[in-house]
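Peer 1: the following comprises the amino acid sequence and a computationally predicted model.
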Amino acid sequence: MPTFWGQRMRFQVPTQVQAKAIPLILSGRHVLVNAATGTGKTITYLAPIIHHLQKHEPRVDRFHGTFALVLVPTRELCMQVYEVLQKLLHRFHWIVPGYIMGGENRSKEKARLRKGISVLVATPGRLLDHLKNTSSFVYTKLQWIIFDEADRILELGFGKEIEEILDLLGSRQNKFHSKDITATDSSVCPRQNILLSATLNEKVNHLAKISLENPVMIGIDHKTAGANPATKQFKLVDSDIEDDEEYPNGFLSSSGGDYKLPELLVQRYVKVSCGSRLAVLLSILKNLFERAALQKIVVFFSTCDSVNFHYSLLSEFQWPPNSPEKSSQMVGYKTFRLHGNMQHEDRRTTFQAFKTEKSAVLLSTDVAARGLDFPKVRCIIQYDSPGEATEYVHRVGRTARLGESGDSLLFLQPTEMDYLKDLEKHGVSLTQYPLLKVLETFPLQGKKHPAKKFVSLDMHPWVSFLQKGLESFISAEPSMKKLAKDAFCSWVRAYTAHRGDLKRIFMVKKLHLGHVARSFGLKEQPSLVGKSHQMQMKKRKRDQKQKGLSKKRRVTKKM
Ligand SMILES: Nc1ncnc2c1ncn2[C@@H]1O[C@H](COP(=O)(O)OP(=O)(O)OP(=O)(O)O)[C@@H](O)[C@H]1O
C-alpha cells in the first residue's frame, strides 16, 4: 500500500474503502467503487496512480504528456480533486498535476497542455474540446481513466461526450481491448479504468460496460465505510463488509437498491404548508445558530433565481423590524451562494471561502451536491426537494463525512409526504423534526405560544408575525421584489419539471400559487405575479421580434 499519501495529509489509517480498493487498483484491475459519501474515494484512486507514477521508468517527464485522466461532473469538484492531487504530489515535483474545465481560458489551457500535464483532472465537455482541437495535447501514454461521480456525469447529459472521449482515447471496451493493444502495439500503454460513486444506477451500467474490462466491484456498506479496524474513531461492523464481486456482465439489474448513507447522519423531515415555508426556514436557521454559533449549514434550492433571492434576503433582512431596539441581520452569519449562473470567478471564490469559514450558511443549487468536501458542515437543509433519491443521498452527503456526525432536514409540503415512501424504497428513512417546539423558542412580546393551540402553521403568531415582516420588507425594496418575482416564476417552472413518477408526488395542480407567492414574501395575488411575468415574456418576445426584423432588414440591405 502506498505510504506517502498519509504522511502529507496527516492520515493515520486508510478508510475502509481505501483499504479494500487500493490494493486492487494497484494490481491493475478495472474497478467499480460504490461507497458512501465522504469515505475518502478521491484518495482511493489518486494514491495508486501516484504510487505507480513515482516509480515509473524512465522517470515521468512533462513531454510524456498525460498518464492519468480524472473526469468529474462539475468545476468545483475539478478544483477540489486538483487540490488533493497537488498535496499528494508535493514530494514528486516531476509529476505535474493540472486541470481543464468549462469557464476557464481555452488558450491558457492549451499552453498548459502543450507543456505537458501528467495527471489531468477535467470536466467532460472541455476535455472533448481539447481532444478535438488541441493538437499538442499528448496522451499516447495514457494508462488510467477515472470517472468520479460517474452517474452524475451521465445525468448531466454528458453520455455522448463520454462515448466520444472513450473512442478518441481508444479506450472503448467493445471496440478495443487493452490486452489487444499491448499485444499489437508496444508504444500504447495498457489501460485501467475506474468508476466511482456513492450512488450507482442503470445509467452507469452502460458506461461500465463500454469502459471497464473484466472489472471488480467494491461495495462498501455505510457501517464499515469509516476507516480501518485499527482505529476506534469510527464504528465498524466487520460482518457487513461486502465481498468484492466480479462484474463481467453488469451488476445493475436491480436499480431500486439501497443507497449508502453516512452512519452518523441524523435525517429528518419537516412538514410545512407552502405559505409558511419562508418564515419557517428563517426560524430554523436562526434557531440552529442560536444553539451553536460555530457551525456551517448548506441549504439546497431548486433554481439559481431562488438562490439569488434567498441570498439577498438573508444578507439584508433586519430583525426585529421597525423596532426601537437595535435591529440586526436575522440570521447573523456570513451567507454565501453558489449556482451555475454565477460568474466563473465568483463560483471559485465562494467555494474557497466557504471551505475556510467556521460559521456560515451556503445557499446552493445542486452544483454543490456532488463530491464537494466542505469541512465541518453540520447541517444540510433541503428547502426544495431534490427530486431523484440519488440527489437526496448526495446532498445529505455534504455532512457527516468520514465518521463525523451531521444532521439533515428535508422540507416537505403536506401534499408531498409520499416522497418519504419513495425514499424508503431506497432504504432511506427520516423522522419528523419537532417544528412547533422550535417555534416555541421565539416568544412574542415575552409571551410563549404553546404548540397545541394552533390549527395551522400559518396561524402561528410567530410565523405570521415574521411573515408580515418579510412581506413589508420585500414590498418596500423594489430590487428584492424583483428577485422574489423571478424566483417565484422559476420555482414554479422547476416544480413542473419533476420527472416521471415524481410528478405524482409533486403535483403542480395541487399548488396554490397564492401560497407559493407568500413563500417568496410576495403580497400580490398569484395572477398578478403571473400576469406581470406573462407581460414581461410578451414584451421580451416583441423586442426579440423587432430586433430580428431590424437585423433582417440590415442583412437585406447589406446583401
Ligand atoms: N485515510 C483517511 N483518514 C482520514 N481522513 C481521510 C482519509 N482519506 C480521506 N480523508 C478525508 O476524508 C474527506 C472525504 O474524502 P472524499 O472527498 O474523497 O470523499 P468521497 O468518498 O469522495 O465523498 P463524495 O462521495 O461526497 O464525493 C476528505 O476531507 C479527505 O481529506
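Peer 2: Nice, I can see it.
Peer 1: enumerate the residues of the protein near the ligand.
Peer 2: Proximity of the chain to the ligand (C-beta under 6 Å from any ligand atom) is limited to residues 11, 14-15, 18, 37-43, 198, 371, 373, 397, 401-402. (C-beta placed from N, C-alpha, C; glycine too.)
Peer 1: what helix or strand does whichever residue of the stretch 401-550 of the chain sits closest to the ligand sit in?
Peer 2: Going by C-beta to the nearest ligand atom, the ligand is nearest to residue 402 of the stretch 401-550 of the chain, at 4.1 Å. For residue 402, there is no host helix or strand (DSSP states H and E).
Peer 1: just give the closest residue to it, not the sequence neighbours.
Peer 2: residue 38 (5.0 Å; C-beta to C-beta, 6 or more residues apart in numbering).
Peer 1: re the thing from before, from what I can see the residue of the stretch 401-550 of the chain closest to the ligand touches residue 14, true?
Peer 2: No. Counting by C-beta atoms under 8 Å, residue 402 stays clear of residue 14, with 11.6 Å between them.
Peer 1: which of these two has more neighbours?
Peer 2: residue 14 (23 against 19; other C-beta atoms under 10 Å).
Peer 1: what about the strands in the stretch 151-300 of the chain?
Peer 2: Remark: strands assigned in the stretch 151-300 of the chain by DSSP state E, counting those that start in this stretch are 192-197, 216-220, 245-246, 265-271, 296-300.
Peer 1: would you single out the least confident of those strands?
Peer 2: Across the strands of the stretch 151-300 of the chain, the stretch with the lowest average pLDDT is strand 245-246; it has a mean of 51.
Peer 1: residue 108 looks like it's in a helix, true?
Peer 2: Yes. Secondary structure assignment (DSSP: H, G, I helix; E, B strand; the rest coil) places residue 108 inside a helix.
Peer 1: going forward, begin numbering at 6 instead of 1
Peer 2: Will do, 6 is the new start, and the previous item becomes residue 113.
Peer 1: burial count for it?
Peer 2: So residue 113, with other C-beta under 10 Å, has 10 neighbours.
Peer 1: contacting residues for the residue in the stretch 56-205 of the chain that the ligand sits nearest to?
Peer 2: Per C-beta to the nearest ligand atom, residue 203 is where the stretch 56-205 of the chain lies closest to the ligand, at 4.5 Å. Contact analysis of residue 203 by C-beta atoms under 8 Å, 6 or more residues apart in numbering lists 39-42, 44, 264-265, 398-399, 402.
Peer 1: ok, it to residue 264 distance?
Peer 2: Using C-beta to C-beta, to the nearest Å, residue 203 is found at 7 Å from residue 264.
Peer 1: now the common contact residues for the two.
Peer 2: residue 398.
Peer 1: which strand residues bridge residue 305?
Peer 2: Beta-bridge pairing for residue 305 (DSSP bridges): residue 369, residue 387.
Peer 1: my read is that it contacts residue 385, right?
Peer 2: Yes. Counting by C-beta under 8 Å, residue 385 is a contact partner of residue 305 at 7.2 Å.
Peer 1: residues in contact with both of these two, list them for me.
Peer 2: In contact with both residue 305 and residue 385: residue 400, using C-beta under 8 Å, 6+ apart.
Peer 1: circling back to that earlier point, let's see which of the contacts of residue 203 end up in helices.
Peer 2: Under the assignment DSSP state H, those contribute 398-399 to helices.
Peer 1: turn the contacts of residue 203 into CSV, columns for pLDDT and neighbour count.
Peer 2: As requested, the contacts of residue 203 are exported to CSV (pLDDT from 0 to 100; neighbours: other C-beta atoms under 10 Å):
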residue, pLDDT, neighbour count
39, 90, 25
40, 90, 26
41, 90, 28
42, 92, 29
44, 93, 27
264, 77, 22
265, 76, 24
398, 94, 25
399, 94, 24
402, 95, 29
